[in-house]
Structures are given as C-alpha cells and as structure tokens.
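**Student:** Task: produce atomic coordinates for the following.
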Amino acid sequence: MTTLIHDPPAQRMTDSVSAEDAAADAEAIAASVRDPDRFTPIFDRHFAAIHAYVVRRLGVEAADDIAAETFLIAFNRRNRFDRRNGIARGWLFGIATNLIRRHQRDQLRGRRAVAKAGPPPVDGAHDDPVGTGVTARLTSEPLANALAQVNAKDLEVLLLVAFAELTYDETAAALGIAYGTVCSRLARARRVIRTSLDSSPKDLR
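**Tutor:** Sure, this is the predicted structure:
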C-alpha cells in the first residue's frame, strides 16, 4: 500500500533502466525492422513485467492474452517507434494500458447487457472501468474505497507508478502525456487516497 501513497526510496523521476539498457532497447527495435529476430530481446527483457502488471490490474485469467497481444502489437508497430525520443518500456506499457482499457470496456458492456436482460448486478459491481479490477483484488476495504474515489486518469498514472514501477518519464511515455501532467495527476491521486484513509475508522485500516 505504501507505494500507492509515496514513491519507494529507490524511485527516481528519470529512467529507472540504465542508459545502456534504454539504448539497447532502441537499437534492437530499430534493427528488428529489417531483421525481425532482433525483436526477441525486447520480449525477453520486458514480458514478465508487462504480464505482472496486467495480473495486478485484471487478474491471471486475462493476463496471458493481453501480455501476448501487447508484444504482437509492438512487433507490428516497431517501425513507428521513435528511436531518438522513445522509451521502450513506456511504449510497451502504453500498449498494455490501451488493451486493459479495451478489456474493461468490454467487461462493462457485458455487465450492462446482463443487467438489462436479467436481475440487477451483485453488490459491489459498478461502472468504474479503471478501478473495478484493481479494487476487487485488494484486501483492504478502506484502500479499495479510497481508490474508487480517484479520478480515472489520475488512477491510471498512480497504478503505472505504484504497480508497474515506471518512472515519471516512462509513465509520461506510456500515456502520451507531459511529465508535469504525470506529477500533478499522481499528487492529486495520492492526496485523495490519504484524505480517504485518514477519515476511515482506524480499526478498518
């Protein structure tokens, strides 16, 4: 829970990967345009992190397909990667985030269709396409309630920093937003969570 409220001690606002690793990623992606086999190190280096993030957002059942699709899309779009200014890890998490959004929208449409055709949904089901999967996997009710109060765009930044352990630069690249926007959304999300937790009964924290 701590990383949802504060940056971990080792968190830096610049690239968490070394300059050498970032350069190696960029070189591999660029080379893979002509030699597809050169894309393999990108998969080997980043698949586990992408998969783990999707598990935390959606659960194990959806993670395999979404993580695999992330790299398929990345491979098919590798010629669009900006080698000079792009951050490969942020680029990959951006693709994964878009797939997570699509999955959640599909789930939401499915729940609404079921609700129209039959009895109302069970308690706890709601129309929060970002937070539903996250709060369902949290054991702390006050924390789940706090996350449910965070604006969807702010929550997405928070989860990339706290769950995926992206730096602010990588988060900006993933979401296609400015560095300063990452900072402001993250600060706002954490402020909402702290306020909510401070107002919850101590025995429920």
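
**Student:** May I ask you to confirm that Arg78 is in contact with Phe39?
**Tutor:** Yes: counting by C-beta atoms under 8 Å, Phe39 is a contact partner of Arg78 at 6.3 Å. All C-beta atoms are positioned from the backbone trio N, CA, C, and that covers glycine.

**Student:** which neighbours do those two share?
**Tutor:** Counting by C-beta atoms under 8 Å, 6 or more residues apart in numbering, the contacts common to Arg78 and Phe39 are Ile29, Ser32.

**Student:** how about the helices in the protein?
**Tutor:** In the chain, the segments counted as helices under DSSP state H are 2-5, 19-32, 40-58, 60-76, 88-117, 132-135, 141-148, 152-162, 168-175, 179-199.

**Student:** just the ones you listed: most buried one?
**Tutor:** Burial of the helices of the chain is given as mean neighbour count (mean count of other C-beta atoms under 10 Å); helix 168-175 ranks first at a mean of 24.

**Student:** contacts for it?
**Tutor:** Contacts to helix 168-175, defined as C-beta under 8 Å, 6+ apart, come from residues 13-16, 86-87, 89-91, 93-94, 97, 156-157, 160-161, 166, 178-179, 181-183, 186.

**Student:** Could you tell me which ranges of the chain sit under the pLDDT cut-off?
**Tutor:** 1-3, 7-17, 118-139, 201-205 (pLDDT under 70).

**Student:** do you know how far the residue nearest the centre of it is from Glu141?
**Tutor:** Geometric centre of the chain, nearest residue: Leu160, 4.2 Å, by C-alpha atoms, centre = their mean. Remark: distance between Leu160 and Glu141 (C-beta to C-beta, to the nearest Å) = 24 Å.

**Student:** What values do phi and psi take at Trp87?
**Tutor:** Residue 87: Ile, not Trp. phi -120, psi 110 (degrees, to the nearest 10).

**Student:** Against Thr167, how distant is it?
**Tutor:** Using C-beta to C-beta, Ile87 is found at 9 Å from Thr167.

**Student:** Was I right to think Gln69 contacts Leu99?
**Tutor:** Heads up, residue 69 is Glu, not Gln. Yes: judged on C-beta under 8 Å, Glu69 makes contact with Leu99 at a distance of 5.8 Å.

**Student:** Is it possible to get JSON lines of the helices of the chain that adds distance to Asp82?
**Tutor:** Compiled in JSON lines, the helices of the chain are given as follows (distance: least, C-beta to C-beta, whole Å):
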{"stretch": "helix 2-5", "distance to Asp82": "29"}
{"stretch": "helix 19-32", "distance to Asp82": "9"}
{"stretch": "helix 40-58", "distance to Asp82": "15"}
{"stretch": "helix 60-76", "distance to Asp82": "13"}
{"stretch": "helix 88-117", "distance to Asp82": "9"}
{"stretch": "helix 132-135", "distance to Asp82": "30"}
{"stretch": "helix 141-148", "distance to Asp82": "33"}
{"stretch": "helix 152-162", "distance to Asp82": "19"}
{"stretch": "helix 168-175", "distance to Asp82": "10"}
{"stretch": "helix 179-199", "distance to Asp82": "16"}
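
**Student:** All good on my end, thank you.
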